[in-house]
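>>> Sequence plus predicted model, see below.
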Amino acid sequence: MSDTVFLNGKNIYLRPPELNDASIFGKWFNDPEIRKYISNRFPYSLFIEEELIKNINSEKNVFLVICEKKSKKAIGNMSININWVNRRAMLGIIIGEIEFQNKGYGKEAMVLMLDYAFSELNLHKIVLEVYDFNKKALSLYKKLGFKREGHFKKHSFKEGKYMDLTYMGLLEKEWQKYSE
Ligand SMILES: CC(C)(COP(=O)(O)OP(=O)(O)OC[C@H]1O[C@@H](n2cnc3c(N)ncnc32)[C@H](O)[C@@H]1OP(=O)(O)O)[C@@H](O)C(=O)NCCC(=O)NCCS
């Protein structure tokens, strides 16, 4: 396991992924309890995960592993996919280890990534998509200052039904107000 720290928080830190994270990522992305909240529908083998990890970080994509500080355990991952022309990025996050959810780690990881995106990368806006049935994620994003910018009815097929999806955005100036 890597000891690298890229973004340091109080209870968690974020580090770049290594090849030996492939099996844990596979566990999370294949887990029905995680999969139902994200866009992934297809199985991820170890081979696919390893190939993804090899090429995942670039100037267009920042992908980080969320680790609990006290155990150094990888508990989730998150990414921002950057559009440099518009200085905007699409964010995604999972706390893949279910027993590590609801401990404030998701919120802390979001704060670290948002600070990095605005203060270090000089991005102007972060956007994300969330299913309307994902009340926890919606509540977390609203608390951080994200505003609902769009609503897509019966947009995405999940668990046998077309689900509504909300598109949210956070501008840099709104983040500065929130984090003051
Ligand atoms: C959504 C997710 C990232 C949140 O991370 P988390 O570590 O579980 O959440 P936190 O403990 O940091 O809680 C953050 C906020 O969520 C809200 N929240 C937590 N549990 C909740 C619940 N059961 N119902 C509604 N809101 C809830 C609260 O507003 C909380 O803020 P507070 O502690 O200041 O009251 C995580 O649960 C997860 O990965 N879920 C599965 C995958 C997923 O949904 N990814 C996002 C796709 S858009």
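Everything's here; your move. Predicted model, so just to flag it, every value in this text is computed and none were measured. Residues are numbered from 1 along each chain as shown.
>>> can you give me the helices in the chain?
22-30, 32-35, 46-55, 105-115, 135-143, 172-179 (DSSP state H).
>>> quick one: which of the ones you listed is nearest Pro16?
helix 46-55 (9.4 Å; CB to CB). Heads up, the C-betas are built off the backbone N, CA and C, glycines and all.
>>> Quick one: distance of that closest one to the chain centre.
Put simply, helix 46-55 sits 18 Å off its chain's centre (CA atoms, centre = their mean, to the nearest Å).
>>> okay, the angle between that helix and helix 22-30?
Angle, helix 46-55 to helix 22-30, by axes from the mean of the first three to the mean of the last three CA atoms, to 10 degrees: 110 degrees.
>>> And helix 46-55, what does it pack against?
Applying 3 or more CB pairs under 8 Å, 6 or more residues apart in numbering; DSSP states H and E, one finds that helix 46-55 contacts helix 22-30.
>>> What is the neighbour count of the residue of the chain found nearest the ligand?
At 2.0 Å from the ligand, Gly106 is the closest residue in the chain, using CB to the nearest ligand atom. Neighbour count for Gly106, taken as other CB atoms under 10 Å: 22.
>>> Report the beta-bridge partner residues of the most centrally placed residue in the chain.
Residue closest to the mean C-alpha point of the chain, counted by CA atoms, centre = their mean, is Ile93 at 1.8 Å. Counting by DSSP bridges, Ile93 forms beta bridges with Met78.
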